[in-house]
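# pasting the sequence and the predicted coordinates here, then a few questions.
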Amino acid sequence: GLEGVEGLSGIPGTVGASVVQNIGAYGQEVSQSVTSVEVWDRKTKSTMELQKDALNFGYRTSLLKKSMYSSVGVPADSYFPTPRYVVLSVTFCLKHNSTGIVSHSQLANALHVELGERMQTAAIRREVLRVRASKGMLEDASRYDKLWMRGTKCAEGVEFALRLQSEDYVTGEFLEGDNIYSDRHSCGSFFMNPILSTSEADTLPEDAPKFDAIMQDGSHGIKTSAAWLIDHAGFHKGFRLIENGKPSPAGLSSLHTLALTNRNNASCDDIANLAKTIIRGVQSKFGVTLIPEPVVINISIN
């Protein structure tokens, strides 16, 4: 009976991390439902409550995430790779409503309704989980059987996730030796959707996705699709580098172009080399530099 976060269903992670990253999917961002965040300030060594306006939420960023950096892309020696602020609790304000707005075209198509229509939030949540499963963008619930993961999630939650996985798992393409769930072995969408100036966006092909957006300086910009750029630069679902005559153990998901996956015991270098290749390929083809969404530690992928 609550509305506000149904579009975020199935995103792996924690509540604390959700506000650092300002996670979003299917027409919703967590910032739309957050009123305040209680934090421990590592600088002043005190607790404080940050109201929504002070959190400076933006596209996949916040005051919390920005505190890891001294300037854009430059780690702050004092805090990186974690924020200055440690999230202690998050206060949400959800609406008492059994229906929600279908605010994403892909979701509307899947539900066979018009964009902007209202539907039962339970139905929206279920469809979000189904669509995410079809892209391999749910966690591999079998990982909770591993010794280092036991106890990190309540037993009821693990049971539900395993049941959902058995019902909805979509088997993509994989090679001999790949883990059968390898399309889920990623850290989600690896690249953010670029927000370009209007002049930069004008250089893209006419059929490239383009949506109105706000630049970091507050000016008008155009958001395009990182997945579209990657695919049209020649990196299709399932793409892998060939190393010493063999496919790399890291590759694009066979279900979703934005996910860089560990197919079979991939190393950090394997993932980094794949990311570098994609970044350079998109830059060469379209003149757009893709920015990674995960925090990258002690490696260079530029």
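Sure thing, it's come through. Values in this document were obtained by computation on a predicted structure and should not be read as measured data.

# flag the shaky bits of this protein, pLDDT-wise.
Judged against pLDDT under 70, the chain has no low-scoring part.

# output the contacting helices and strands for the longest helix seen in it.
When the chain is parsed with DSSP state H, its longest helix is helix 268-286. Of the remaining helices and strands, those touching helix 268-286 by 3 or more Cβ pairs under 8 Å, 6 or more residues apart in numbering; DSSP states H and E are helix 226-232, strand 240-243, strand 246-252, strand 260-262. Heads up, the C-betas are built off the backbone N, CA and C, glycines and all.

# ranking those by burial, who's on top?
With neighbours defined as mean count of other Cβ atoms under 10 Å, those peak in mean count at strand 260-262, which reaches a mean of 25.

# what's the spacing between residue 144 and residue 162?
Taking Cβ to Cβ, to the nearest Å as the measure, residue 144 falls 8 Å from residue 162.

# and the two? which has more neighbours close in?
Between residue 144 and residue 162, counted using other Cβ atoms under 10 Å, residue 144 has the larger neighbour count: 18 against 15.

# residue 79: neighbour count?
Neighbours of residue 79 under the rule other Cβ under 10 Å: 16.

# tell me the contacts of the closest residue in space to it that isn't next to it in sequence?
Excluding its sequence neighbours, the residue lying closest to residue 79 (Cβ to Cβ, 6 or more residues apart in numbering) is residue 68, at 5.6 Å. Contacts for residue 68 (Cβ atoms under 8 Å, 6 or more residues apart in numbering) come out as 75-76, 79-84, 295.

# kindly report the same for residue 288.
Residues near residue 288 by Cβ under 8 Å, 6+ apart: 194, 196, 200, 204, 224, 229, 282.

# residue 216 and residue 56 touch, don't they?
No. Using Cβ atoms under 8 Å as the test, residue 216 is too far from residue 56 to be in contact (10.6 Å).

# related to what we said a few turns ago, in strands, which of the contacts of residue 288 fall?
Judged by DSSP state E, the contacts of residue 288 include residue 196 as members of strands.

# can I get the helices and strands packed on helix 268-286 in CSV with distance to residue 288?
Formatted as CSV, the helices and strands packed on helix 268-286 follow (distance: least, Cβ to Cβ, whole Å):
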stretch, distance to residue 288
helix 226-232, 6
strand 240-243, 21
strand 246-252, 18
strand 260-262, 18
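
# for residue 187, which non-adjacent residue is closest in space?
In this structure, residue 187 finds its nearest non-sequential neighbour in residue 294, 5.0 Å apart by Cβ to Cβ, 6+ apart.

# and the one you found, how far is that from residue 6?
Plainly put, residue 294 is 25 Å away from residue 6 if you go by Cβ to Cβ.

# more neighbours, the two?
Neighbour comparison, residue 294 and residue 6: the larger count goes to residue 6, with 27 against 15 (by other Cβ under 10 Å).

# what is the neighbour count of residue 218?
Neighbourhood size, residue 218 [other Cβ under 10 Å]: 7.

# going forward, begin numbering at 42 instead of 1
Sounds good: first residue 42 from here, last item residue 259.

# tell me the SS of it?
At residue 259 the chain is in coil, as set by DSSP: H, G, I helix; E, B strand; the rest coil.

# same question, residue 76
Secondary structure for residue 76, judged by three-state DSSP, is strand.

# so it sits right up against residue 135, yeah?
No. Under the criterion of Cβ under 8 Å, residue 76 makes no contact with residue 135, lying 10.2 Å away.

# domain map for the protein?
Here the domain parsing of the chain from automatic domain parsing is 43-172, 176-209, 223-327.

# so how far is the first one from its chain's centroid?
Between the centre of domain 43-172 and the centre of its host chain there is 11 Å, according to Cα atoms, centre = their mean, to the nearest Å.
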